[in-house]
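Asker: Predicted model, plus sequence, below.
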Amino acid sequence: MTEEKKSLNFIEQIIEKDLETGKFDGRVHTRFPPEPNGFLHIGHAKSICLNFGIATQYAGKTNLRFDDTNPSKEEQRYVDAIREDIQWLGFEWNEDVLFASDYFNNLYDYAVRLIKLGKAYIDDSTAEEIAASKGTPTVPGKESPFRNRSVEENLDLFERMKKGEFDEGAKVLRVKIDMAHPNMHMRDPVVYRIKKAHHHRTGDDWNIYPMYDFAHGYSDSIEGITHSLCTLEFEVHRPLYDWLIDALDLYHPQQIEFARLNLNYTIMSKRKLLQLVQEGVVNGWDDPRMPTISGMRRRGYTPESIRNFATGVGIAKRENIIDISRLEHSVRQHLNKITPRVMAVLNPLRLVITNYPEGKTEELSLINNPEMPEEGERVLPFSRDLYIEREDFMEDPPKKFFRLGPGRTVRLKGAYIITCDGMVKDDDGNVIELRCTYYPDSKSGEDTSGIKAKGVLHWVSIDHAKDVEVRLYDRLFNDEAPDGHKDKSFMDFLNPDSLKIITAKAEPSLLNAKPGDKFQFMRKGYFCADLDSTSENPIFNRTVTLRDGWAKARKK
RNA sequence: UGCCCCAUGGUGUAAUGGUAGCACAUCGGUUUUUGGUGCCGCUAGUCUUGGUUCGAAUCCAGGUGGGGUAACCA
């Protein structure tokens, strides 16, 4: 037995220490708290894998709780999409889905208790006045003229706020901490505001809604969360989180902050992703170019590959920018193992085997997946007239070009070895057809020809090939840090070639593909049948290209 | 400008007072009926100055650099 060396991230270390000291009676209970105001993206996947992963590791639980305290931005459809994405990623939340709005009554009661304790007050100041009186980091704020209202008056006003007697913005509930506090979040923060908006779950029941800081910590407390994991920008909120809970002497979860995921060539802000959707730059939240979970799903990413990526990047507190190649590696790694190999020609060039009988068709057997021999073989029609990839031919090729050129010999994958004897050009001098001869004794699997061919090309039989729509996706942005420029918008870095739609010639079996089915188009990349794909109108999305050693070599 | 956080190869992340390891990327080799995959290997790192210690990536202090933070958003 070899002893497994454990390598824990800093959060796991904290949890193991808590388990040892019995801080939470040996419980581990995390939560994933999205706001339903947009779709989940790959950054959320990191948080999801962390929260659910920790719970699994320590035999704990994870709540899915929607932080739905701002009805003007939140929608039911986002709730549905988020639930679907989490399930698709392979996680199960504890019991039912929870909502901060489930606790609106509790939260109201907490607010009342704070008022009764003299720790909260109603402020009639305008938003501008409150902002102005906050002071600056170096200048202490000024106390509101309404700060010392009586408990009775505060109670009365708060109840009337709830009843809807005042207009939006007329009054807020603030917590009474310290207007000179060095942490700006502690300068009497607003915790309840009037908002006469329709809430996607509570309808028009409420005229007032709690702010995030108020709702979040108390919700964690109500749910008995042990470790409340969040991103770094909430670090300065923690003192307020702690203050609010301690002010009412409630069960106290521990908030721990970690660094969010950043990917180069990608934007991760929900606001900016929404902008891409609203301005029609992409075709919705699930456009395969989006870094959203649903976009990646449509692109052909698997849950395994996303989980693998999200856990592989690690958890720490330092700012990080992950190279996009790491994401691509994780999906190639998985798709390599599971996808059947098929042949499709993206940019066809006609090739005629002059010594092959006209009208003859052979049924060739090809292995489906060399990584999984148990997946068996399929038959493929071979004939005299074929398509090969245009880029697999060069009229004047360099020595190291292991493909076709005048006089060059290659193997057609799973079929015969051929030699190129000539070509046909159009009036403009473009090569439109290759003339080749084949070696009948070189048939794949029963080759007695003794000829060795360095290159192997994929092909399809023209008479049997099917037209399929192929969507070639590339990165959405040309710049490593699209939103990292002070003088320019991320919109200035859009890649005009992020989507190219072509018609490819595919082997017949691809007509059977159902939406979501994944393939390796040999020598070209991994592709996934699109959501809208049908056998009448087959559509394939390129998930990612294959690694291309030749492309690298020729750059030099 | 206050307060808070952070600093290990190109990029991430380990080592928690005792051999700086792993992954991605890069480069080279090898295998291969995918220039894919697999396998092998090279290059390359503890921000800086001082202190504590037999011994410091690790502890302490100063510096430097980066990030966060002053919504009736989350």
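Answerer: Arrived safely. Bear in mind that the values here come from a model prediction, so they are computed numbers and not experimental data.
Asker: Surely A:Lys176 and A:Met186 touch.
Answerer: No: using C-beta atoms under 8 Å, A:Lys176 is not in contact with A:Met186; the gap is 10.6 Å. Where C-beta positions appear, they are placed from N, C-alpha and C, glycine not excepted.
Asker: what does the lowest-mean-pLDDT helix or strand in chain A contact?
Answerer: In chain A, the helix or strand scored least confidently by mean pLDDT, DSSP states H and E is helix A:549-555, which has a mean of 83. With C-beta atoms under 8 Å, 6 or more residues apart in numbering as the test, helix A:549-555 has contacts from A:Lys400.
Asker: Could you do stretch A:73-84 as well?
Answerer: With C-beta under 8 Å, 6+ apart as the criterion, stretch A:73-84 contacts A:34-40, A:64, A:66, A:68, A:97, A:199-201, A:285, A:294.
Asker: ok, and for it, which residues are buried?
Answerer: Of the residues in stretch A:73-84, A:74, A:78-79, A:81-83 count as buried by neighbour count, 16 or more other C-beta atoms under 10 Å.
Asker: Could I get the CA-only coordinates of it as PDB?
Answerer: Extracted in PDB, the C-alpha atoms of stretch A:73-84 (Å, rounded to 0.1, in the frame of the first residue of the first chain):
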ATOM      1  CA  LYS A  73     -33.000  42.300 -12.900                       C
ATOM      2  CA  GLU A  74     -34.100  38.700 -12.300                       C
ATOM      3  CA  GLU A  75     -36.200  36.400 -14.300                       C
ATOM      4  CA  GLN A  76     -37.600  32.900 -14.100                       C
ATOM      5  CA  ARG A  77     -36.000  31.800 -17.300                       C
ATOM      6  CA  TYR A  78     -32.600  32.400 -15.800                       C
ATOM      7  CA  VAL A  79     -33.600  30.200 -12.800                       C
ATOM      8  CA  ASP A  80     -34.500  27.400 -15.200                       C
ATOM      9  CA  ALA A  81     -31.400  27.700 -17.300                       C
ATOM     10  CA  ILE A  82     -29.200  27.700 -14.200                       C
ATOM     11  CA  ARG A  83     -30.800  24.600 -12.800                       C
ATOM     12  CA  GLU A  84     -30.400  22.800 -16.000                       C
END
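Asker: picking that back up, run through the contacts of stretch A:73-84 and flag the ones next to RNA strand B.
Answerer: Counting by C-beta under 7 Å from any atom of the strand, A:Glu35 from the contacts of stretch A:73-84 sit close to RNA strand B.
Asker: tell me the two of the contacts of stretch A:73-84 that are most distant?
Answerer: The span of the contacts of stretch A:73-84, defined through C-beta to C-beta, is set by A:His199 and A:Ser294 at 24.4 Å.
Asker: related to what we said a few turns ago, from the contacts of stretch A:73-84, list the buried ones, please.
Answerer: A:34-40, A:64, A:66, A:68, A:199-201, A:285, A:294.
Asker: Which ones among these map onto strands?
Answerer: A:64, A:66 (DSSP state E).
Asker: re earlier: quickly check: the least confident helix or strand of chain A near RNA strand B or not.
Answerer: Yes: using C-beta under 7 Å from any atom of the strand, helix A:549-555 reaches RNA strand B at A:549-550, A:552-553.
Asker: helix or strand for A:Ser219, which one?
Answerer: A:Ser219 belongs to helix A:212-223 when assigned by DSSP states H and E.
Asker: where's A:Val424, which helix or strand?
Answerer: Element membership for A:Val424 (DSSP H and E) is strand A:417-425.
Asker: The nearest residue to A:Leu327 once chain neighbours are set aside - how many residues pack around it?
Answerer: Closest residue to A:Leu327 apart from its sequence neighbours, by C-beta to C-beta, 6 or more residues apart in numbering: A:Phe309 at 5.4 Å. Using other C-beta atoms under 10 Å, A:Phe309 has 26 neighbouring residues.
Asker: Kindly list the main-chain dihedrals of A:Phe309?
Answerer: Per-residue torsions, A:Phe309: phi -60, psi -50 (degrees, to the nearest 10).
Asker: contacting residues for it?
Answerer: With C-beta under 8 Å, 6+ apart, A:Phe309 has these contacts: A:42, A:45, A:326-327, A:330-331.
Asker: possible to save the residues you listed as JSON lines with neighbour count and secondary structure?
Answerer: Listed next are the contacts of A:Phe309 as JSON lines, based on neighbours: other C-beta atoms under 10 Å; DSSP: H, G, I helix; E, B strand; the rest coil:
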{"residue": "A:Ile42", "neighbour count": "22", "secondary structure": "helix"}
{"residue": "A:Ala45", "neighbour count": "24", "secondary structure": "helix"}
{"residue": "A:Arg326", "neighbour count": "13", "secondary structure": "helix"}
{"residue": "A:Leu327", "neighbour count": "24", "secondary structure": "helix"}
{"residue": "A:Ser330", "neighbour count": "23", "secondary structure": "helix"}
{"residue": "A:Val331", "neighbour count": "23", "secondary structure": "helix"}
